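A.B. asks: Fold the following and give me the result.
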Amino acid sequence: MTLTDDRLAALAARGDPIHAWYSYQMIRDTLDSAKLDRLSYVIYPQGSYANKTNISADSDVDLVIALRSAFFANKEELTERELEEYEKYYQQADITWRHFREAVVDVLRSWYLVQEKSKCVKVRSNLIRLPADVLVALDHRHYKAFPGFLEQIHIDGVQFYTSQEVKIINFPKEHIRACKSKDDRVSGRYRPVVRIAKNVRNMLIGGDETGLTAGSAPSYFLESLLWNVPDQCFRGDLPRAYRNAVQWLQENQDKLADMKFPNQMAKLFGQAQDTAWRQSAALALIEGLRSA
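C.D. replies: This is a model prediction of the structure:
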């Protein structure tokens, strides 16, 4: 498969964001109007729609609803004095993630068709244009310092559990922020290059040449892989930026082990429970992208 410059430019097109926006707003309004026992929570988009890397083949809208009135805290980096200061202001919360998730699911069931999956809640209805994956979570705070209440420093994330009771901590806002910064630094070519790669990946799935299968190269990992490519590779026109980025990955496979997620909180091929990508799958993807 050889793709011309014109074809690569066409593959960089963003999927229609209007239907995704409509589905997001419908579900957000439904949850907001329910008040959820007057709990304090925040709702925001995540995934390719929020990151502006969605392509026409993307069929789901991803959004997070995170409880704010209670949160999980990682205090491992705090000193003994900082821990004592923390205890002055925060205490054990009564509400649990499971209680919050049940409250959210009950509201969604009253309006939509709901399927509870391992990590998220799948929402479908004739009222919304696209199905949505709703991630129900509690805020997670990774504390860096706590000299006092007003001076506390933490990285905001979310924490939830799978149906197999596996704890997962994610940093969706940090991911989007880092990807936007990357796109700004390379004059708006990072996101289009990601969209090209996602479309090429879809073309390769099921082919004998690469052995890629559905789910072997998830979009989140693909975005993260390309985020690790040096900024200078994205110079020039869009087809050149794409080919340079893929060529760098092909020539620097030894750097995969040290790559991090854009949120900088973990390695891309680490040992975290939710890190399901293997280097072998990444290498197969890189070879496929290079041959296109």
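
A.B. asks: can we go C-alpha only for contacts and neighbour counts from here?
C.D. replies: Noted.

A.B. asks: what are the ranges of the helices in the stretch 101-250 of the chain?
C.D. replies: For the stretch 101-250 of the chain, helices defined by DSSP state H, counting those that start in this stretch occupy the ranges 172-185, 190-204, 219-227, 238-251.

A.B. asks: Which other helices and strands does the second one contact?
C.D. replies: Judged by 3 or more C-alpha pairs under 8 Å, 6 or more residues apart in numbering; DSSP states H and E, helix 190-204 is in contact with helix 5-11, helix 172-185, helix 219-227, helix 238-251, helix 279-291.

A.B. asks: Pass me the low-pLDDT residue ranges in the stretch 151-292 of the chain, would you?
C.D. replies: Scanning the stretch 151-292 of the chain for pLDDT under 70 picks out 207-211, 271-276.

A.B. asks: try 90
C.D. replies: Scanning the stretch 151-292 of the chain for pLDDT under 90 picks out 162-168, 202-220, 265-281, 284, 287-292.

A.B. asks: what about residue 188, neighbour count?
C.D. replies: Residue 188 has 15 neighbouring residues, counting by other C-alpha atoms under 10 Å.

A.B. asks: Now do the same contact list for it.
C.D. replies: Applying C-alpha atoms under 8 Å, 6 or more residues apart in numbering, we find residue 188 in contact with no residue.

A.B. asks: Would you map out the domains in the chain?
C.D. replies: 17-170, 175-291 (automatic domain parsing).

A.B. asks: Endpoints of the shortest one, how far apart?
C.D. replies: This points to domain 175-291. With C-alpha to C-alpha, to the nearest Å as the measure, domain 175-291 spans 29 Å from end to end.

A.B. asks: again with stretch 102-118
C.D. replies: Start to finish, the residues bounding stretch 102-118 are 14 Å apart (C-alpha to C-alpha).

A.B. asks: ditto for stretch 231-244
C.D. replies: Length of stretch 231-244, first residue to last, C-alpha to C-alpha: 11 Å.

A.B. asks: if we can go back for a sec, mind checking which of the domains of the chain is nearest residue 7?
C.D. replies: With C-alpha to C-alpha, the closest approach to residue 7 among these belongs to domain 175-291: 9.0 Å.
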